[in-house]
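Q: Fold the following and give me the result.
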Amino acid sequence: MDILQAIVLGIVQGITEFLPISSSGHLVIVPYLLGWTFPKDQTFVFDVLVQWGTLFAVIVYFWRDLVDITVGFLRSLWERHPFATHDARLGWYLILATLPAVILGLIFKNAVENAFSDPHATGYFLWITAALLIVAEMAGRRERTLEHVNWVDALWIGFAQVLALFPGVSRSGATIAGGMTRQLDRTASARFSFLMSVPVMLGAGLVALHDMIKLPHLGQFLPPLMIGFLTALIAGYIAIRWLLAYLTKHSLYIFAAYCVLLGLLIIFIG
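A: Numbering: from 1, shown residues only. Next up is the predicted model:
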């Protein structure tokens, strides 16, 4: 992998991680269309570590929220009133929303890995993303804000995130749709989705770091990794900012249509 390839894939990862159009689907189709092939061990490590770029994008954009949530959460534990404030409750809800994907991901690990080995599966799962977005727009009344999130919402959105274990199901798309079907407005759903991405991407990145250490010729691979990280961070920050502004006035239907077309392309080329 050279520097130009790392820049392109970093931009693709940064944008598609947060727009509800599936980063995994794009990381399948873009190298194929450009005729790029990489060793499997490098591909996995690059994909996951570049996600840390998007993790830092979330941290940079939501740093005040994350500080408030962390301080509120720790203070509530110290004072032995774990649900006393909104920030403390939100901390618990983010933990609760993370658990379904962690538990079910371990249980269905083989099924998930088999899905990644089937190129057509990504295309079909992109259609699932499209369906989720359409259902969210049709069923969601969008009456509630982030201040109204409760533990049922968190658990529901957490189970929606389980679908994103499979290639082609957008994590942001599934979780935003999950929030909207619980009557959260689009912006509140997106903010909760982005905040709950922090523990998921952090955990995946730690696993990839362990694998990265074992890579042969690691020194030669580090420059593309760092370039991919930085471009994903910048592109991710821009994508977060743009999407939150977009969702205040616009629907998700355009993203659903895009997922349908991309799914057709991936199924067609196999």
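Q: Which residues does stretch 114-127 contact?
A: 22, 24-25, 28-29, 166-169, 259-260, 262-267, 270 (CB atoms under 8 Å, 6 or more residues apart in numbering). Just so you know, the C-beta spots here come from the backbone N, C-alpha and C atoms, and that holds for glycine as well.
Q: Which secondary structure element of the protein has the lowest mean pLDDT?
A: Ranked by mean pLDDT, DSSP states H and E, the weakest helix or strand in the chain is helix 109-116, scoring a mean of 69.
Q: Report the buried residues of the next helix or strand after that helix.
A: Next along the chain after helix 109-116, taking DSSP states H and E as the criterion, comes helix 119-139. If you call a residue buried by 16 or more other CB atoms under 10 Å, then helix 119-139 has these buried ones: 121-130, 132-134, 136-137.
Q: residue boundaries of the helices in this structure?
A: 3-16, 23-34, 40-61, 63-78, 86-107, 109-116, 119-139, 151-162, 171-180, 186-213, 218-247, 253-269 (DSSP state H).
Q: Go through those helices and name the closest to residue 145.
A: Nearest to residue 145 among those is helix 186-213; the distance by CB to CB comes to 4.9 Å.
Q: so the closest one versus helix 119-139, what angle?
A: 160 degrees (axes from the mean of the first three to the mean of the last three CA atoms, to 10 degrees).
Q: rewinding a little: selecting buried members of the contacts of stretch 114-127 in ChimeraX, what would you type?
A: Typed into ChimeraX, the line below selects the buried ones among the contacts of stretch 114-127, using 16+ other CB under 10 Å:
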select :22,24,25,28,29,166,167,168,169,259,260,262,263,266,267
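Q: on that earlier part again, mean pLDDT for the helices of the chain: which is lowest?
A: When the helices of the chain are ranked by mean pLDDT, helix 109-116 comes last with a mean of 69.
Q: hmm, back to that, format the helices of the chain as JSON lines; extra columns: distance to residue 145.
A: Output for those, formatted as JSON lines (distance: least, CB to CB, whole Å):
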{"stretch": "helix 3-16", "distance to residue 145": "26"}
{"stretch": "helix 23-34", "distance to residue 145": "27"}
{"stretch": "helix 40-61", "distance to residue 145": "18"}
{"stretch": "helix 63-78", "distance to residue 145": "14"}
{"stretch": "helix 86-107", "distance to residue 145": "11"}
{"stretch": "helix 109-116", "distance to residue 145": "34"}
{"stretch": "helix 119-139", "distance to residue 145": "16"}
{"stretch": "helix 151-162", "distance to residue 145": "12"}
{"stretch": "helix 171-180", "distance to residue 145": "11"}
{"stretch": "helix 186-213", "distance to residue 145": "5"}
{"stretch": "helix 218-247", "distance to residue 145": "13"}
{"stretch": "helix 253-269", "distance to residue 145": "22"}
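Q: Point out the most buried one among those.
A: Highest mean neighbour count of the helices of the chain: helix 171-180, a mean of 29 (counted as mean count of other CB atoms under 10 Å).
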